[in-house]
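J.: give me coordinates for this.
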Amino acid sequence: MSIDWSKERVESLSTPEILALQENARIRGFLNVVSTCDEVLSTRKSVRRSSAPRSASSTKTLEAECSKQLSDLAVYLLTKYDLSTASAMKNSFGVKGFKAHQVIAKNGQAKLGGDQRTGKVAIDRYISYRVRNEPISLTALLISKESDHGLVWQVLGSGHHFTNFQPYSQLRPYVTDTEGGLYTGGEEFIDFSAASTLFESVLSKLAPPIIQ
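T.: Below you'll find the predicted structure:
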């Protein structure tokens with residue numbers, strides 16, 4: 001946690017992001033960051049903080065908020081880059097077994113990840129893009145409803161895109177085999193803004209811009 005978490009920076013985060021930051025800071029012993037989060041949260045209404053496990057309803061609320069953040073980002077990126085299936089197929093001609101990624105689900109929301117679908121984690125919502133053998137995804141991941149497992153944002157892809165690369169097995173510690181598919185690993189963040197900035201940076205190298 002090398003970022004300088006000033007009060008101003010914490011205030012720029014959404015309430016779910018602050019709660020996730022606070023939980024992760026508490027785990028790592030950064031008590032000054034925990035205190036700053038408390039100070040900011042105390043000024044916000046309807047903040048639910050507890051050492052007890054999250055209820056099913058509160059987890060669903062957090063999942064809906066994360067899905068909206070991801071889908072809003074996807075809509076924005078679709079105005080800047082050609083993320084169409086046709087474009088990805090054209091630019092991946094000759095790649096055996098290539099399968100284009102729909103950036104978001106058919107209902108316009110973030111896609112439901114397999115780890116949530118199979119019950120391995122509490123939240124696994126993501127957006128993604130692929131061209132050639134270069135996939136990139138941004139995932140909201142909550143491993144457990146227990147409060148000491150905070151929500152994180154993971155940008156996954158090929159290793160050469162990342163400065164602080166971590167193998168997939170480290171980012172998903174519940175994985176016991178060679179799961180990960182196209183993704184070899186990536187980087188993990190507490191705040192959405194940092195994760196989305198990296199995601200767009202990698203995406204801009206893979207997808208053609210939309211010419212106005």
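J.: for the rest of this, base every contact and every neighbour count on C-alpha atoms.
T.: Will do.
J.: what are the ranges of the strands in this protein?
T.: Applying DSSP state E to the chain gives strands spanning 111-112, 123-131, 134-142, 152-157, 166-167, 185-189.
J.: quick one: which of these is nearest Ala88?
T.: Nearest to Ala88 among the strands of the chain is strand 123-131; the distance by Cα to Cα comes to 5.3 Å.
J.: got the buried residues for the closest one?
T.: By 16 or more other Cα atoms under 10 Å, the buried positions in strand 123-131 come out as 123-131.
J.: stretch 71-85 too?
T.: Neighbour count says stretch 71-85 has 71, 74, 77, 81-83, 85 buried, by 16+ other Cα under 10 Å.
J.: just curious, which of those is nearest to Thr59?
T.: Ser71 (18.1 Å).
J.: the residue lying closest to Tyr126 once chain neighbours are set aside: how many residues sit nearby?
T.: Spatial nearest neighbour of Tyr126, chain neighbours left out: Thr139 (4.1 Å); criterion: Cα to Cα, 6 or more residues apart in numbering. Neighbours of Thr139 under the rule other Cα atoms under 10 Å: 27.
J.: likewise for Gly113?
T.: Neighbour number of Gly113 under other Cα under 10 Å is 17.
J.: what separation do you get for the closest residue to it other than its chain neighbours and Trp153?
T.: Spatial nearest neighbour of Gly113, chain neighbours left out: Asp124 (5.0 Å); criterion: Cα to Cα, 6+ apart. As for Asp124, its distance to Trp153 is 10 Å (criterion: Cα to Cα, to the nearest Å).
J.: now for these two: what residues contact both?
T.: 139-141 (Cα atoms under 8 Å, 6 or more residues apart in numbering).
J.: got JSON lines for the residues you listed, with distance to Ser92 and pLDDT too?
T.: Shown next, in JSON lines, are these (distance: Cα to Cα, whole Å; pLDDT from 0 to 100):
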{"residue": "Thr139", "distance to Ser92": "24", "pLDDT": "97"}
{"residue": "Ala140", "distance to Ser92": "28", "pLDDT": "96"}
{"residue": "Leu141", "distance to Ser92": "29", "pLDDT": "95"}
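J.: I figured Gly185 was touching Pro173, is that so?
T.: No. The criterion here is Cα atoms under 8 Å, and Gly185 misses it with Pro173 at 11.9 Å.
J.: higher neighbour count, the two?
T.: Neighbour count, other Cα under 10 Å: between Gly185 and Pro173, Gly185 has more, with 22 against 9.
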